[in-house]
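1. Quick one, fold the following:
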Amino acid sequence: QIAQSAVQAAPSMINATASLVNGILNAGANAEKARREQDRLDRQLKLDEERADKEYKLKLEEMKQNREIEEKKHQERMKEIEAANKEKKKAALNDMIKDLGIENNRL
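-> Below is the predicted model of the structure:
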């Protein structure tokens, strides 16, 4: 009777063992799949960080160049203003000299 019970139980024990082995294999496959996915995500993150760093550096350089252009424009404008002021002073002095000359001739 013990032998008969063992023979009857054998198929279910085989099925349980097969299920256990399949579960272990599936867990291993899922772990490998998760590891590959994590590796892919890590590579993607690195690429994204490198791209963001490059974009930041380009934007910083663009801002620097724009600032330099604005500074040059400002300097040119200041030179124009100074030149215009010199011309105004020169014209005013010439007018004063003319006025003095006219006054001197009247005297």
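2. Give me the neighbour count for residue 56.
-> By other C-beta atoms under 10 Å, the residues close to residue 56 number 10. (Glycine included, C-beta is placed from N, CA and C.)
3. Check the one 5 residues further on too.
-> Using other C-beta under 10 Å as the criterion, residue 61 is surrounded by 10 other residues.
4. need the contact list for it.
-> By C-beta atoms under 8 Å, 6 or more residues apart in numbering, the contact list for residue 61 is empty.
5. From residue 48, how far out is it?
-> 20 Å (C-beta to C-beta, to the nearest Å).
6. name the element residue 34 belongs to?
-> Using DSSP states H and E, residue 34 maps to helix 2-106.
7. ok now that helix, how far from the chain's centre?
-> How far helix 2-106 lies from its chain's middle: 0 Å, per C-alpha atoms, centre = their mean, to the nearest Å.
8. what is the mean pLDDT for that helix?
-> Looking at helix 2-106 alone, the average pLDDT works out to 91.
9. Number the chain from 41, please
-> Sure thing, new numbering starts at 41, so read that last one as helix 42-146.
10. contacting residues around residue 60?
-> So residue 60 contacts nothing (C-beta under 8 Å, 6+ apart).
11. I'd like to know how far residue 70 sits from residue 59.
-> Distance from residue 70 to residue 59, by C-beta to C-beta: 16 Å.
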